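>>> build the 3D model from these lines:
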Amino acid sequence: MKNVQLTMALSHDRVRSGLNYCIEYCILAMAFFLPLSMNVSSLFLSGGATLWLAKMLWSRQVQFRRTPFDRVIAALVI
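Presented below is the predicted three-dimensional model:
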């Protein structure tokens, strides 16, 4: 029974780390393509957001982290 739980935990971690990897590269690709093509950078932004949502649904917990940039970004949005 413990082997099955360990295998499931490893599989769960592998999927979550794979999603983190894809999200990171979507953000990097968006930053790269932003000056070149707004449509391509929007595609990577929406792909990264979709992968982030999939990661939150997969792990069944929503995680928001506070960063020093939160206030600056909120000011820019407003």
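>>> next one: the helix ranked longest in the chain to chain centre, how far?
Longest helix in the chain, counting residues (DSSP state H): helix 2-33. Centroid separation between helix 2-33 and its chain, computed with CA atoms, centre = their mean, to the nearest Å, is 9 Å.
>>> what residues of that helix count as buried?
Buried residues in helix 2-33, counting neighbours by 16 or more other CB atoms under 10 Å, are found at Leu19, Cys22, Ile23, Cys26, Ala29, Met30, Phe33. Quick note: C-beta positions are derived from backbone N, CA and C, even for glycine.
>>> pLDDT of it, averaged?
Averaging pLDDT along helix 2-33 gives 78.
>>> name the helices or strands packed onto it?
Helices and strands touching helix 2-33, by 3 or more CB pairs under 8 Å, 6 or more residues apart in numbering; DSSP states H and E, are helix 38-59.
>>> now the helix it packs on: mean pLDDT?
89.
>>> now the angle from that helix to helix 2-33?
160 degrees (axes from the mean of the first three to the mean of the last three CA atoms, to 10 degrees).
>>> export only the CA atoms of whichever helix or strand comes after helix 38-59, formatted as CSV.
Sequence-wise, the next helix or strand downstream of helix 38-59 (DSSP states H and E) is helix 70-77. C-alpha atoms of helix 70-77 as CSV (Å, rounded to 0.1, in the frame of the first residue of the first chain):
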residue,chain,number,x,y,z
ASP,A,70,2.8,43.6,-6.3
ARG,A,71,2.2,47.3,-5.5
VAL,A,72,4.1,48.5,-8.5
ILE,A,73,2.1,46.2,-10.8
ALA,A,74,-1.2,47.2,-9.2
ALA,A,75,-0.3,50.9,-9.7
LEU,A,76,0.5,50.2,-13.4
VAL,A,77,-2.8,48.4,-13.8
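>>> rewinding a little: tabulate the buried residues of helix 2-33 (JSON lines), appending distance to Arg65.
Output for these, formatted as JSON lines (distance: CB to CB, whole Å):
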{"residue": "Leu19", "distance to Arg65": "16"}
{"residue": "Cys22", "distance to Arg65": "19"}
{"residue": "Ile23", "distance to Arg65": "13"}
{"residue": "Cys26", "distance to Arg65": "18"}
{"residue": "Ala29", "distance to Arg65": "22"}
{"residue": "Met30", "distance to Arg65": "19"}
{"residue": "Phe33", "distance to Arg65": "25"}
